[in-house]
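Asker: Sequence and predicted model, in that order:
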Amino acid sequence: MPLTTLRLQVDDLCCSFDGRQVVSDVTLSVAEGQVMCLLGPSGCGKSTTLRAIAGVEIPDSGTIRIDGAPVFGPEGSVPPEHRGVGLIFQDFALFPHLSVADNVAFGLKGRKKDKRARAHALLERVHLERYLDSYPHELSGGEQQRVALARAIAPKPRVMLMDEPFSGLDNRLRDGIRDETLALLKEEGTAVLLVTHEPEEAMRMADEIALMRDGRIVQRGAPYNVYNAPADRAAAAFFSDINVIEGEVNGALTDTPFGQFLAPGQPDGTKVDIAIRPQHVRIDFDRDGRGPNPTPQDGTPARAVVVRSRFIGNESLVEFRLDATGGKMIATVPSVFLPKPGTPLWLMIRRDRCFVFPRA
Ligand SMILES: Nc1ncnc2c1ncn2[C@@H]1O[C@H](COP(=O)(O)OP(=O)(O)OP(=O)(O)O)[C@@H](O)[C@H]1O
């Protein structure tokens, strides 16, 4: 017996519009109580994937299984209302003629008293129990969205599909509602597939991230792994600004202003990009034209001149021009550090935080 049950299994899903393929060979699975985030830039095919799983878009090919049973495949297609999935899309709509309680209880079966009790309990979780007998038009947009969340959760779907469900909420409210909604879904063992284009949201919510680009999943893994071991330069750049140092391989090594980097397995002459996130660039002072000593961890320091520096709330962002190449580098410092333009400083980059990619 497996320890966890796979609630959703998608294999080789392909979708197209007017002959243009927008989802290509997407394969993913979500277990009970697991949250997977489909993350990627606008237009990469996230919503189409979700809509195909919901059954409101008909794929060209592939299979979709819910609790092991095919709902799309060579044998045919199960209509959306019989798939056992909950849906929360951006453009949610409440029934205007039903009270908030009746909206939440809409998809429930059973006695009126029990349905109302379930609606009440869920509205409490989204802090809207005082609106039980109000009507949607009496609520703000954000409140209506929370009712829509409660309504989608109420029938305890086995799989919940969410498309940017928290985008309409203001920042202060968003974190609380997001955490509360996910806690509720996890408690009920629901498998959640959530679409977002915001890396921060995905990192915060996902057990697993599936990074999508041009209709394909380019990387899958726990947020920590996707962030710290990106599949390619674009995957690294999707999560934060990155610095890129260009080099060419010679004898499995690449020379850069920061010393030599290993480029194992890359043939001589291969052009490579060495990527490093701004928070992993170390800054040191200039000592009459000399910098700190090289270390195995930080490699060789390179001299650079400050172009500009800004304080952005919880950190300072300092932009440099490297003496050796004229290339731009950005460093972030978790404090107030605002050196004047023209100040010479020395930069070092953490070897274990660098990613070496063959140039695309
Ligand atoms: N009904 C449709 N008819 C034709 N093309 C469509 C249709 N729906 C989506 N597309 C196209 O398919 C591609 C993928 O769209 P999709 O909505 O899946 O992307 P997305 O990653 O969810 O983007 P966003 O984050 O902006 O919502 C886009 O190029 C879009 O223009």
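Answerer: Nice, I can see it. Remember, predicted model here, so these are calculated numbers, not experimental data.
Asker: Ramachandran angles for whichever residue of the stretch 51-200 of the chain sits closest to the ligand?
Answerer: Distances between the stretch 51-200 of the chain and the ligand by Cβ to the nearest ligand atom are smallest at His197, namely 4.7 Å. For glycine as for every other residue, the C-beta is placed from the backbone atoms N, C-alpha and C. With angles defined as degrees, to the nearest 10, His197 shows backbone torsions of phi -110, psi 10.
Asker: how many other residues sit next to it?
Answerer: Residue crowding around His197 was assessed by other Cβ atoms under 10 Å; the count is 18.
Asker: which parts of the chain sit against the ligand?
Answerer: By the criterion of Cβ under 6 Å from any ligand atom, the positions of the chain lying close to the ligand are 17, 22, 40, 42-48, 197.
Asker: Just the ones of those in strands?
Answerer: When the residues of the chain next to the ligand are checked against strands (DSSP state E), the matches are 17, 22.
Asker: Now which of the residues of the chain next to the ligand would you call buried?
Answerer: Using 16 or more other Cβ atoms under 10 Å as the burial test, the residues of the chain next to the ligand include 22, 40, 44-48, 197 as buried.
Asker: my read: Leu322 touches Val307, true?
Answerer: No: using Cβ atoms under 8 Å, Leu322 is not in contact with Val307; the gap is 10.6 Å.
Asker: Overlap in contacts, those two.
Answerer: Each of Lys328 lies in contact with both Leu322 and Val307 under the rule Cβ atoms under 8 Å, 6 or more residues apart in numbering.
Asker: Looking at those two, which one has more neighbours?
Answerer: The residue with more neighbours, out of Leu322 and Val307, is Leu322; 19 against 14, by other Cβ under 10 Å.
Asker: Tell me which residue lies farthest from the centre of this structure.
Answerer: Here the chain has its C-alpha centre computed as a mean, and the residue farthest from that point, by Cα atoms, centre = their mean, is Asp288 with 45.1 Å.
Asker: related to what we said a few turns ago, relative to Arg7, which of the buried ones among the residues of the chain next to the ligand is nearest.
Answerer: Using Cβ to Cβ, Lys46 is the member of these that sits closest to Arg7, with 19.2 Å.
Asker: What distance do you get for that closest one to Pro59?
Answerer: Between Lys46 and Pro59 the distance, using Cβ to Cβ, to the nearest Å, works out to 14 Å.
Asker: got it, and Asp298?
Answerer: Counting by Cβ to Cβ, the gap from Asp298 to Pro59 is 49 Å.
Asker: now do His280
Answerer: Computed with Cβ to Cβ, the distance linking His280 and Pro59 is 41 Å.
Asker: Check Met203 too.
Answerer: Distance, Met203 to Pro59, by Cβ to Cβ: 29 Å.
Asker: where do the helices sit along this protein?
Answerer: Assigned by DSSP state H, the chain shows helices spanning 46-54, 100-105, 112-125, 141-153, 171-187, 199-205, 223-228, 233-239.
Asker: which residue sits closest to Ala360, ignoring its sequence neighbours?
Answerer: Nearest residue to Ala360, sequence neighbours excluded (Cβ to Cβ, 6 or more residues apart in numbering): Arg233, at 6.7 Å.
Asker: again, but for Pro157
Answerer: When the adjacent residues along the chain are set aside, Pro157 lies closest to Gly86, with 3.4 Å between them (Cβ to Cβ, 6+ apart).
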